[in-house]
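Participant: using only what follows, build the 3D model:
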Amino acid sequence: MKLTTKAEMLQLIYAHGENRQPTIVRHEDPAHGWYQIPLALAKELQIDDKISSYSYMDAHFVYLEYDCDIMLLLNALELYPQTNRDNLVMFLDLVPTEFKEKSPIRKKERYKYNG
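Facilitator: Numbers count the residues shown, from 1 in each chain. From the prediction side, this is the model:
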């Protein structure tokens with residue numbers, strides 16, 4: 001998939017959202033971070049079979065682990081090396097969700113590919 005402009009990338013990301021809300025949310029707790037994307041977007045970008053078990057999932061979303069799996073998203077969106085995981089939120093104009101204690105994401109199921 002070749003995304004040539006920021007507008008094309010944002011169109012893809014917003015296409016999976018509800019009420020014109022973005023579909024990528026950054027979650028952080030004091031020790032770690034994840035990027036939440038719809039399972040459907042992971043499949044469309046063809047990264048669903050590459051995500052590690054360090055990420056989490058539920059019925060509708062994948063929570064991409066910040067240290068390695070986020071690079072799958074950046075590569076699929078062809079943002080790497082133009083940007084990196086630290087400024088992805090700024091690039092997409094998104095606000096992170098921060099938890100002062102352990103994130104509830106840690107209680108979700110570890111990611112597993114269900115081809």
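Participant: neighbours around the closest residue to residue 45 other than its chain neighbours, how many?
Facilitator: Closest residue to residue 45 apart from its sequence neighbours, by CB to CB, 6 or more residues apart in numbering: residue 76 at 3.9 Å. Quick note: C-beta positions are derived from backbone N, CA and C, even for glycine. Residues lying near residue 76 (other CB atoms under 10 Å) number 19.
Participant: residue 76 and residue 43 touch, don't they?
Facilitator: No. Between residue 76 and residue 43 there is no contact under CB atoms under 8 Å: 11.0 Å.
Participant: quick one: secondary structure of residue 46?
Facilitator: Assigned state for residue 46: coil (three-state reduction, DSSP: H, G, I helix; E, B strand; the rest coil).
Participant: count the residues that sit near it.
Facilitator: Neighbour number of residue 46 under other CB under 10 Å is 11.
Participant: can you check residue 105 too?
Facilitator: Per other CB under 10 Å, the neighbour tally for residue 105 reads 22.
Participant: what's near enough to touch it?
Facilitator: 27, 34, 56, 63 (CB atoms under 8 Å, 6 or more residues apart in numbering).
Participant: of the residues you listed, which belong to helices?
Facilitator: The members of these all map outside helices under DSSP state H.
Participant: export these to a markdown table and tack on pLDDT, distance to residue 69 and neighbour count?
Facilitator: Shown next, in a markdown table, are the contacts of residue 105 (pLDDT from 0 to 100; distance: CB to CB, whole Å; neighbours: other CB atoms under 10 Å):
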| residue | pLDDT | distance to residue 69 | neighbour count |
| --- | --- | --- | --- |
| 27 | 83 | 13 | 19 |
| 34 | 89 | 8 | 26 |
| 56 | 97 | 10 | 23 |
| 63 | 93 | 9 | 24 |
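Participant: name the member of the residues you listed with the shortest distance to residue 114.
Facilitator: residue 56 (14.2 Å; CB to CB).
Participant: show me where the protein has helices.
Facilitator: All helices of the chain, identified by DSSP H, fall at 6-15, 39-44, 70-76, 88-91.
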